[in-house]
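Chemist: take this sequence and fold it.
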Amino acid sequence: MEGTVFAPALEGMKSVKSAEGEMQTKPFLEVCKQILPVIEKFGAAMALVKSDVGGNITRLETKYSSNPSEFNLLYSLVRAEVEAKTAKASSSCTNGLLWLTRAMDFLVELFRNLLEHQDWTMSQACSDSYGKTLKQWHGWLASSSFSVAMKLAPDRKKFMDNHKFLASVGLDDLKAS
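Modeler: Got it, this is the predicted structure:
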């Protein structure tokens, strides 16, 4: 994994949980930020995913920065919104965290598909990953938009040749994260 674009994120995963096993806000968001350059390599096909992920990271960072000692754990962000009865609002940190983790699930599935199905086109790998992760949460418009965006997916061979970031990634690395 050393030398790939995944190395910083995988290294950062080691510090996401506290000694008590709780998810720490700042390290979690730092790992999520490490994924943004990876998403960017997919070009226009993933522009909306990158924008959503970046926006959700910013939303959570803003809340964390307002009181780092109070919001040092992701759970504390959610708990505060549940107590204030704002957790279900579309602009809540709870909602941002939910969609951020869903996007990460999609990306992990996509990288698995790229490794396990080397005969698939980029569009096939993305569409399969979408169907297994995000599709169930999206309405007709979002699903249709995703289908259109997949037409902008880069050619798999060119992408893999130009961005050899998956070459040294093993499935065990993805499963461990």
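Chemist: list the contacts for residue 61?
Modeler: Listed by Cβ atoms under 8 Å, 6 or more residues apart in numbering, the contact partners of residue 61 are residue 29. (Glycine included, C-beta is placed from N, CA and C.)
Chemist: which pLDDT value belongs to the residue nearest the centre of the chain?
Modeler: In the chain, the C-alpha nearest the mean C-alpha coordinate belongs to residue 104, at 2.6 Å (Cα atoms, centre = their mean). At residue 104, the pLDDT value in this model is 89.
Chemist: give me every residue that touches it.
Modeler: 32, 35, 53.
Chemist: all helices for this structure, in order.
Modeler: Along the chain, the stretches classed as helices by DSSP state H are 7-13, 25-40, 47-66, 74-83, 93-116, 122-132, 140-150, 156-162, 171-176.
Chemist: for the chain, give me the ranges with low pLDDT.
Modeler: By pLDDT under 70, the low-scoring segments of the chain are 1-13, 161-177.
Chemist: kindly recompute the last result at 50.
Modeler: When the per-residue scores of the chain are filtered using pLDDT under 50, the ranges that remain are 1-2, 167-177.
Chemist: list the contacts for the residue nearest to residue 121 when sequence neighbours are not counted?
Modeler: In space, not counting the residues next to it along the chain, residue 121 is nearest to residue 156; the distance is 5.4 Å by Cβ to Cβ, 6 or more residues apart in numbering. Applying Cβ under 8 Å, 6+ apart, we find residue 156 in contact with 114, 120-122, 125.
Chemist: swap the cut-off to 10 Å and go again
Modeler: With contact set as Cβ atoms under 10 Å, 6 or more residues apart in numbering, residue 156 has these partners: 114, 118-125.
Chemist: what's the answer for residue 36, then?
Modeler: Neighbour list for residue 36: 49-50, 53-54, 57 [criterion: Cβ under 10 Å, 6+ apart].
Chemist: those into TSV, with extra columns for distance to residue 43 and neighbour count?
Modeler: Written out in TSV, the entries for the contacts of residue 36 read as follows (distance: Cβ to Cβ, whole Å; neighbours: other Cβ atoms under 10 Å):
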residue	distance to residue 43	neighbour count
49	11	22
50	10	18
53	15	23
54	16	17
57	20	20
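Chemist: ok, of those residues, which one's closest to residue 78?
Modeler: For those, the closest approach to residue 78 (Cβ to Cβ) belongs to residue 57, at 15.9 Å.
Chemist: that closest one against residue 26, yeah?
Modeler: No - when contacts are counted by Cβ atoms under 10 Å, residue 57 is not listed as touching residue 26 (11.3 Å).
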